[in-house]
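Participant: what shape does this take:
(one chain, ligands or ions: 1)
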Amino acid sequence: MEYTELGKTQLHVSRMCLGTWGIGGAGWDLYSDECRMDAIKAAVDCGINFIDTAPAYNGGRAEKYIGQVLHKLGVRKEVILATKCGNEFINGKYIRCGAADKIMRECEESLHNLKTDYIDVYLVHWPDPNVPMEETMDALNTLKKQGKILHIGVSNFTKEQIEEAEKYCDIEVYQPQYSMVDRKGEQLIQWAYAQRIGVMTYGTLGGGILTGKYRELKAYAVNDNRNRFYPYFKEPLFSKVMILLRTMDQISMERNVPLTQIALNWALQKPFISSCIIGAQSRDKIEENCKVFEWKLNSDEIQLLEQALKEYTECMDEL
Ligand SMILES: NC(=O)c1ccc[n+]([C@@H]2O[C@H](COP(=O)([O-])OP(=O)(O)OC[C@H]3O[C@@H](n4cnc5c(N)ncnc54)[C@H](OP(=O)(O)O)[C@@H]3O)[C@@H](O)[C@H]2O)c1
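Facilitator: Numbering: from 1, shown residues only. Next comes the predicted model:
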């Protein structure tokens, strides 16, 4: 495992962060409770000390699994927990909720679910256009003064929204989407990094499409995140990703490494990313993903990937 400073927070985080959207059990493939809880333990065993979650991940279920596992292992203090507010999951729908009273209530629930009395990194999950930024950020300031949260962050904000939020509080962490198949936010991420804002990126495996597991176009359930959230599982992007996978297959054969590690390696080599969040729900996948730190893509391989990405990027830019 590699570790780094998360921006100016003075938190020393693993460069791989465990993503727990799937572990919450809604919108992804279903695994047993035992398997999901063992996945969290596997992450700790592999040296991952950074876990990302949210009350929106199946109405707090992901937080509850994490709380149970960390409590049982007695390692709460060794793990840096990032959870979120401002996005509720009610009856299968995600609803933005930046109002101060809701944030105060959500934070209490997260503390309870996670079996802890502090949250290391507390992020606004999505901006709420119906609530003044000042109200949302003031609520987070209050929680920080109370010692319930230690660092404030935002996710899915534009540059303008981050600058607006910074009028009211110190933004220390940013969580955007970033991967080979989604580089739209690259300039903003570089800007955030230059401001010493810690950057934790999600969707590093493009929701799984960069693992090579999906080679045929398929219809997913309405609430499946591969249908609803990540656009690469549909045309016109799907067939462009398949072209990229051919180059990844070539590198995979030459290096004898899984595709997953190529996608992770590509992202981890970006100096402006503090930690990549990877969603996985079983021990074998987490152990396999952690092997990415045993090797590095060389400059020729990165160039090959960039070349293969050209057509995809042009197609995405046109959308
Ligand atoms: N702030 C936000 O708005 C936001 C949005 C999205 C995600 N996130 C965070 O970022 C995390 C990561 O994003 P994500 O989970 O959407 O997508 P992701 O990490 O790009 O991909 C997750 C998918 O990859 C699969 N996978 C992982 N390792 C694998 C391996 N070695 N072999 C084969 N398949 C593998 C997982 O399978 P299984 O599930 O079957 O194990 C899952 O289907 C989330 O869990 C969440 O914590 C935040």
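
Participant: what's around L123, how many residues?
Facilitator: The local packing of L123 (other Cβ atoms under 10 Å) involves 29 other residues. Placement of C-beta: from N, CA and C, glycine included.

Participant: A helix includes it, no?
Facilitator: No: counting by DSSP: H, G, I helix; E, B strand; the rest coil, L123 is not part of a helix but strand.

Participant: for it, what are its contacts?
Facilitator: Each residue near L123 by Cβ atoms under 8 Å, 6 or more residues apart in numbering is listed here: A82, T83, K84, C85, I152, G153, V154, S155, V173, Q175.

Participant: next: K296.
Facilitator: Taking Cβ under 8 Å, 6+ apart as the test, what K296 contacts is N265, Q269.

Participant: is it located within a strand, as I assumed?
Facilitator: No: counting by three-state DSSP, K296 falls outside a strand, being coil.

Participant: gap between it and the ligand?
Facilitator: Look at K296 and the ligand: by Cβ to the nearest ligand atom, to the nearest Å, they are 18 Å apart.

Participant: what pLDDT does that residue get?
Facilitator: Model confidence at K296, given as pLDDT, is 96.

Participant: repeat that for N256.
Facilitator: 96.

Participant: follow-up on the earlier one: nearest to the ligand among the contacts of L123?
Facilitator: S155 (3.8 Å; Cβ to the nearest ligand atom).

Participant: would you check how far apart the closest one and A308 are?
Facilitator: 29 Å (Cβ to Cβ, to the nearest Å).

Participant: with neighbour numbers in mind, choose between the two.
Facilitator: S155 (22 against 19).

Participant: can you list phi and psi of the more buried one for me?
Facilitator: When read as degrees, to the nearest 10, the backbone of S155 gives phi -130, psi 140.

Participant: right, and it touches Y174 too?
Facilitator: Yes: with contacts counted by Cβ atoms under 8 Å, S155 reaches Y174, the gap being 7.4 Å.

Participant: list the contacts of the residue of the stretch 201-319 of the chain found nearest the ligand.
Facilitator: For the stretch 201-319 of the chain, the residue closest to the ligand is G279, as judged by Cβ to the nearest ligand atom, at 2.1 Å. Shown in contact with G279 (Cβ under 8 Å, 6+ apart): G19, T20, W21, G22, I23, W28, Y202, L205, G207.

Participant: show me where the stretch 151-300 of the chain has helices.
Facilitator: For the stretch 151-300 of the chain, the helices defined by DSSP state H, counting those that start in this stretch occupy 159-166, 186-194, 225-228, 237-255, 259-268, 283-290, 299-318.
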